[in-house]
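J.: The following comprises the amino acid sequence and a computationally predicted model.
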Amino acid sequence: MIALLMRDLRLAVRAGGGFGLGLAFFLIVTVLVPFGVGPENELLSKIAPGVLWIGALLACLLSLDRIFALDWEDGSLDLLATAPLPMEGIVSIKALAHWITTGLPLVLAAPALGVLLSLPPTGYLWVVVSLLLGTPALSVIGTFGAALTVSLKRGGLLMSLLVLPLYVPTLIFGAEVARRGAMGLTVETPLLMLAGISFGAIALLPFASAAVLRINLR
Amino acid sequence: MMPDLGKYADVVLASYVVSLGLIVVLVVASVLRSRKAKADLQKIEARLKDGA
Amino acid sequence: MSIWKYANPVTFIRTTDRLLPWLSVAAVLCLATGLIWGFFFTPDDFRQGSTVKIIYLHVPSALMAINIWLMMLVASLVWIVRRHHVSALAARAAAPIGATMTVIALATGALWGQPMWGTWWVWDPRLTSFLILFLFYLGYIALWSAIEDDDTAADLTSILCLVGSVFAILSRYAVNFWNQGLHQGASVMRAGAITGSDTEEKVSNVFFYPMAVSALGFILLFVALVFLRTQTEIRTRRARALLAREQST
């Protein structure tokens, strides 16, 4: 399992693997927002938590089809399927690799981008915490979407259509934590709900993704 | 015959028109597809019977 | 004799062929009765004026939008557990109907909201969850039409339906938490907004009976359409199978 994880990480970091692409996308989205809504600091600091969450979500979505596509094309997915590793394990590792290469950098970059959007000082901690809790759920849910559409030639658009509605609860609670944190309100309830969704998704969705992948490999 | 709908007439009528319109479109589309599927299947089955 | 004998496509087509005319007539009768009764022969609400007449479309279509998804969930489970093709095809046949019902509920809701709340749309929990439900329908339909192999498509969509149901329920609670709304609670059983002239905590009977007839009409219409569309799916699949066999020999 660890070998598979290291392999996926190496492949992602290598040129053309898409590592950093998500980060760059995140940066560009956050830079574009002030152009769209105007440069008033007051307005920006109000919407900053939501913008950071949307940006992270889209950056995550962008890199999803890389989870399985390459392995599917060159046939290594079939090899993995016959390996002694259970499919659920493979799927979880893939999701973990996606999170380490996409989710984690996004979390670390969020405070820096918060400065650009004049995020209130109280917000930094909660933006990071909510993203740290929420991005694993985004990766796991995204892995499910990627597994659903892996056999399709141009599945990217369809995958967005399938995955985005599934992202709704995570986005709502995550952005709510960040928003309340930035306004200095108590964040307990949405934080607990976000954690619940994240851990629930991590625990259960790999089974669905593995089932879907097995069907696609049939 | 037409009841007096008062100042909300346009909204009420619009919702009836939209809803019934959508339902009619759905029904017509379903019926047309059903006819086409039936005809296609019959054609194929007839041809296979002739060939056999 | 059990319900499973209808899982045989031939039996299914024969039975539904016999039922379809009756169902269609009953659906049209109920819809016409409910809607004409509601439109022409019910009084205006003393607060909402003639806009109450929208209730005869809005409530039944909203009911159907949710229940059709439930029906698809059950059909998907039956497909996963018992592998009856008719079940998977029925789920596929139902999805576009559900999507249409969701659009009707949203459209009539917007038209009703405009004069009552002064706006076409608010990000209210009920409205928002319906919009999300519509997105789920879209994704489900898109996945069905994207995959060529029938059994694979049936498997994948039924799993999507299961996962989607869980997330749809989660979204419902998330949205509720996110914004308390303008929309009243489920007013058919209680609530005071559409009480008409009587003050009991319920939709007044004047409005309730035509609405119930109309809802029955919507249900019958749905059943008739699902039968028809499932037949279509069975026939198209059989035609494709015959063609494939012909080409391979």
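T.: Alright, I've got the coordinates.

J.: shaky segments in chain B?
T.: Scanning chain B for pLDDT under 70 picks out B:1-6, B:51-52.

J.: so what's the spatially most central residue of chain B up against?
T.: The structure's chain B has its C-alpha centroid closest to B:Val28; by C-alpha atoms, centre = their mean the separation is 1.6 Å. Contacts of B:Val28 were listed using C-beta atoms under 8 Å, 6 or more residues apart in numbering or on different chains, and none were found. Placement of C-beta: from N, CA and C, glycine included.

J.: centre of the chain versus whichever strand or helix holds it, how much separation?
T.: For B:Val28, the host element (DSSP states H and E) is helix B:9-51. Helix B:9-51 sits 5 Å away from the centroid of its parent chain (C-alpha atoms, centre = their mean, to the nearest Å).

J.: Which residue, other than its chain neighbours, is closest to A:Pro111?
T.: A:Tyr124 (5.1 Å; C-beta to C-beta, 6 or more residues apart in numbering or on different chains).

J.: Which helix or which strand is home to that neighbour?
T.: Per DSSP H and E: A:Tyr124 is located in helix A:123-148.

J.: need the next SSE after that helix, C-terminal direction.
T.: Next along the chain after helix A:123-148, with elements defined by DSSP H and E, is helix A:156-182.

J.: could you say what helices and strands the following helix or strand past that next one packs with?
T.: The helix or strand immediately downstream of helix A:156-182 is helix A:188-217, counting by DSSP H and E. Counting contacts by 3 or more C-beta pairs under 8 Å, 6 or more residues apart in numbering or on different chains; DSSP states H and E, helix A:188-217 packs against helix A:76-82, helix A:87-98, helix A:123-148, helix A:156-182, helix C:150-178.

J.: Highest mean neighbour count out of these?
T.: Each of the helices and strands packed on helix A:188-217 was assessed for mean neighbour count using mean count of other C-beta atoms under 10 Å in any protein chain shown. The highest is helix A:123-148, with a mean of 26.

J.: Provide a list of residues in contact with A:Leu171.
T.: Applying C-beta under 8 Å, 6+ apart to A:Leu171 gives the contacts A:Trp53, A:Ile54, A:Leu57, A:Gly134.

J.: out of the residues you listed, who has the most neighbours?
T.: Within the contacts of A:Leu171, A:Gly134 tops the neighbour count with 28 neighbours, counted by other C-beta atoms under 10 Å in any protein chain shown.

J.: Nearest residue to that one in space, please, no chain neighbours.
T.: Using C-beta to C-beta, 6+ apart and skipping residues adjacent in sequence, the residue nearest A:Gly134 is A:Gly174, 3.8 Å away.

J.: quick one: contacts for the one you found?
T.: Residues A:Trp53, A:Ser130, A:Leu131, A:Leu133, A:Gly134, A:Pro190, A:Leu194 are the ones in contact with A:Gly174 under the rule C-beta under 8 Å, 6+ apart.

J.: ok, the nearest residue to the first one once chain neighbours are set aside - contacts?
T.: Nearest non-adjacent residue to A:Trp53, counting by C-beta to C-beta, 6+ apart: A:Ala175, 4.3 Å away. Residues in contact with A:Ala175 (C-beta under 8 Å, 6+ apart) are A:Pro49, A:Gly50, A:Trp53, A:Ile54, A:Ser130.

J.: out of these, who's nearest B:Ala37?
T.: The closest of these to B:Ala37 turns out to be A:Ile54 (C-beta to C-beta; 43.4 Å).

J.: In terms of pLDDT, where does that closest one sit?
T.: A:Ile54 carries a pLDDT value of 92.

J.: And for the one 10 residues further on?
T.: For A:Leu64, the pLDDT comes out at 86.

J.: Correct me if wrong: it contacts A:Val163.
T.: Yes: because the distance of 6.8 Å satisfies C-beta atoms under 8 Å, A:Leu64 is recorded as touching A:Val163.

J.: which neighbours do the two share?
T.: Common neighbours of A:Leu64 and A:Val163 (C-beta under 8 Å, 6+ apart) are A:Gly142, A:Gly145.

J.: hmm, back to that, export the helices and strands packed on helix A:188-217 to JSON lines and append columns for mean pLDDT.
T.: Conversion of these to JSON lines gives the following (pLDDT from 0 to 100):
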{"stretch": "helix A:76-82", "mean pLDDT": "82"}
{"stretch": "helix A:87-98", "mean pLDDT": "89"}
{"stretch": "helix A:123-148", "mean pLDDT": "92"}
{"stretch": "helix A:156-182", "mean pLDDT": "90"}
{"stretch": "helix C:150-178", "mean pLDDT": "88"}
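
J.: Using JSON lines, lay out those helices together with distance to C:Trp117.
T.: Output for the helices and strands packed on helix A:188-217, formatted as JSON lines (distance: least, C-beta to C-beta, whole Å):
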{"stretch": "helix A:76-82", "distance to C:Trp117": "52"}
{"stretch": "helix A:87-98", "distance to C:Trp117": "42"}
{"stretch": "helix A:123-148", "distance to C:Trp117": "32"}
{"stretch": "helix A:156-182", "distance to C:Trp117": "22"}
{"stretch": "helix C:150-178", "distance to C:Trp117": "18"}
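
J.: show me what contacts the nearest residue to A:Gly145 once chain neighbours are set aside?
T.: On the basis of C-beta to C-beta, 6+ apart, the spatially nearest residue to A:Gly145 that is not a chain neighbour turns out to be A:Val163, at 3.7 Å. Taking C-beta under 8 Å, 6+ apart as the contact definition, A:Val163 lies against A:Leu61, A:Leu64, A:Ile141, A:Gly142, A:Phe144, A:Gly145.

J.: Just the element for C:Gln247, please.
T.: Applying DSSP H and E as the criterion places C:Gln247 in helix C:205-248.

J.: and chain B, which residues reach chain C?
T.: On the criterion C-beta under 8 Å from any C-beta of the partner chain, chain C has as its neighbours in chain B the residues B:1, B:3-9, B:11-12, B:14-16, B:18-19, B:22-23, B:26-27, B:30-31, B:33-34, B:37-38, B:40-41, B:44-45, B:48.

J.: what sits up against stretch A:38-51?
T.: The contact list for stretch A:38-51, computed with C-beta under 8 Å, 6+ apart, reads A:29-30, A:33-34, A:37, A:114, A:117-120, A:123, A:126-127, A:175, A:178-179, A:181-182.

J.: before we move on, the earlier item: between the helices and strands packed on helix A:188-217, which one is closest to A:Leu4.
T.: Each of the helices and strands packed on helix A:188-217 was scored for nearness to A:Leu4 using C-beta to C-beta, and the closest is helix A:87-98 (5.1 Å).

J.: Centre of the chain to the closest one, how far?
T.: Using C-alpha atoms, centre = their mean, the mean C-alpha position of helix A:87-98 is found 14 Å from that of the whole chain.

J.: Which strands and helices lie in contact with that helix?
T.: In terms of contact count using 3+ C-beta pairs under 8 Å, 6+ apart, helix A:87-98 is assigned the packing partners helix A:2-13, helix A:76-82, helix A:123-148, helix A:188-217.

J.: ok and that helix relative to helix A:2-13, angle-wise?
T.: Compare the direction of helix A:87-98 with that of helix A:2-13 by axes from the mean of the first three to the mean of the last three C-alpha atoms, to 10 degrees and you get 40 degrees.

J.: hmm, stretch C:50-64 touching chain B?
T.: Yes: where contact is defined by C-beta under 8 Å from any C-beta, part of stretch C:50-64 touches chain B, namely C:Ser50, C:Thr51, C:Lys53, C:Ile54, C:Leu57, C:His58, C:Ser61.

J.: Now do that stretch, average pLDDT.
T.: For stretch C:50-64, the mean pLDDT works out to 87.

J.: In contact with C:Val175, which residues are there?
T.: Here C:Val175 is in contact with A:Val168, A:Ile172, C:Pro125, C:Thr128, C:Ser129, C:Ile132 (criterion: C-beta under 8 Å, 6+ apart).
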